[in-house]
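Chemist: sequence plus the predicted model coming up.
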Amino acid sequence: MVRTADCRLNDGRAVALRAAGPADVPAIAKLFVGLSDESVRSRFNGACAPALLARLARVDMRPGTRCIVAAPPDDPGCLAAEARVVTSGPGAAELALTVADGYQGTGLGRLILGELVECARQAGFARLQAVVNLTNAPMLHLLEPYGWVLSAGTDLAVASLEISAVGGAVGWPADVAGRRVLVEQRGWFDSPRVAAMRGAGDVVRVCFGPRRSTGRGCPLVTAGACRLAAGADLIVPLLPDQDQDCAAVLAAHRRLWPGRLAATPSGLPAWGGLPAWGGLPAWGGLP
């Protein structure tokens, strides 16, 4: 149940969150059309004509859509933000959110995302997916506390991420047909080895591992549980073992599932030949 009480933002302004429906489509379209060009590219992964933005504002295009909007209490028809989840498979939904330019950086994105995740959980979704441009640093930062993983190979500058709607690490899809492979590496793009696994029909999830600088821990180390590791048929550890947090992850794997660990080829850098996270511009912008 989405709360309707006023919420205070970092800059002192108040907004009210509420569930949205077809009657809110004109206001959502107005929000989309009023975005700056940069915000449109970040939200929709490319430029969009006003007519297309108006069509994308619809909330009845697919069954199972849940939508939340935020607006100032004194002007409920002028939306400050919109967020939605749309069914994408058994127990899974794709998420997206939009924050008006004048409200970006106020904490509204974090607030509405939290409400959206809770709404998705109540609707029975366990996994949430997001297609995010690597230059969209605010969205990547918003998803970071949820411990996202890469669910598909990164295409140019767009990443497919998954988070859990039920807490902890995200789990595997219920309808997995191929071998479940968990790859732990630093870097957005598949190495030839990982790409070959995808091409062979393996279902691959890529985890960047713990990052103390961002507050991202590993549930396997901090809570003793990881749905991905526990359900994997194969674990490919390519994290930098000189990092003590990453070394702790590998130690946990060796203790719990030694028979699932893939051997690392001799001489291969610990991060699989890909750029380390710290070597990329802010949040993975292309070099």
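Modeler: Good, I have the coordinates.
Chemist: please enumerate the helices of the stretch 101-250 of the chain.
Modeler: Secondary structure of the stretch 101-250 of the chain by DSSP state H, counting those that start in this stretch: the helices cover 108-122, 137-143, 192-199, 219-222, 227-231, 244-256.
Chemist: format those helices as CSV; extra columns: distance to residue 212.
Modeler: C-beta: built from backbone N, CA, C; applies to glycine. Formatted as CSV, these follow (distance: least, Cβ to Cβ, whole Å):
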stretch, distance to residue 212
helix 108-122, 21
helix 137-143, 16
helix 192-199, 25
helix 219-222, 12
helix 227-231, 20
helix 244-256, 6
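Chemist: nearest to residue 262, of the ones you listed?
Modeler: Nearest to residue 262, of all the helices of the stretch 101-250 of the chain, is helix 192-199, at 9.2 Å by Cβ to Cβ.
Chemist: distance from the closest one to the middle of the chain?
Modeler: Computed by Cα atoms, centre = their mean, to the nearest Å, the chain-centroid distance of helix 192-199 equals 22 Å.
Chemist: tell me what it is packed against?
Modeler: strand 180-184, strand 203-207 (3 or more Cβ pairs under 8 Å, 6 or more residues apart in numbering; DSSP states H and E).
Chemist: please save the CA atoms from that helix in CSV.
Modeler: Output in CSV follows, covering the C-alpha atoms of helix 192-199 (Å, rounded to 0.1, in the frame of the first residue of the first chain):
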residue,chain,number,x,y,z
PRO,A,192,35.5,-13.7,-24.0
ARG,A,193,35.2,-16.5,-21.5
VAL,A,194,31.9,-15.2,-20.1
ALA,A,195,30.6,-14.3,-23.5
ALA,A,196,31.3,-17.9,-24.6
MET,A,197,29.3,-19.2,-21.6
ARG,A,198,26.3,-17.0,-22.6
GLY,A,199,26.6,-18.2,-26.2
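Chemist: show me what counts as buried in that helix.
Modeler: Within helix 192-199, the residues scored as buried using 16 or more other Cβ atoms under 10 Å are 194, 197.
Chemist: report the angle between that helix and strand 203-207.
Modeler: For helix 192-199 against strand 203-207, the angle by axes from the mean of the first three to the mean of the last three Cα atoms, to 10 degrees is 140 degrees.
Chemist: residues touching helix 192-199, excluding its own?
Modeler: 153, 181, 183, 185, 190, 204, 206, 236, 272 (Cβ atoms under 8 Å, 6 or more residues apart in numbering).
Chemist: who's in contact with residue 232?
Modeler: 172, 180, 181, 182, 257, 260 are the contacts of residue 232 under Cβ under 8 Å, 6+ apart.
Chemist: 10 Å instead?
Modeler: 172, 179-183, 203-205, 226, 253, 257, 260-261 (Cβ atoms under 10 Å, 6 or more residues apart in numbering).
Chemist: buried subset of those residues?
Modeler: 172, 180, 181, 182, 183, 203, 204, 205, 226, 253, 260.
Chemist: before we move on, back to that, from the contacts of helix 192-199, pick the one nearest residue 91.
Modeler: For the contacts of helix 192-199, the nearest to residue 91 is residue 204 (19.1 Å; Cβ to Cβ).
Chemist: residues in contact with that closest one?
Modeler: 149-153, 178-183, 190, 194-195, 197-198, 232, 234, 236.
Chemist: does residue 243 touch residue 211 like I think?
Modeler: Yes: with contact defined as Cβ atoms under 10 Å, residue 243 and residue 211 form a contacting pair (9.0 Å).
Chemist: overlap in contacts of these two?
Modeler: With Cβ under 10 Å, 6+ apart as the test, residue 243 and residue 211 both reach residue 186.
Chemist: how much space between residue 50 and residue 37?
Modeler: 12 Å (Cβ to Cβ, to the nearest Å).
Chemist: please read the previous query as pertaining to residue 104.
Modeler: Relative to residue 37, and taking Cβ to Cβ, residue 104 is found at 14 Å.
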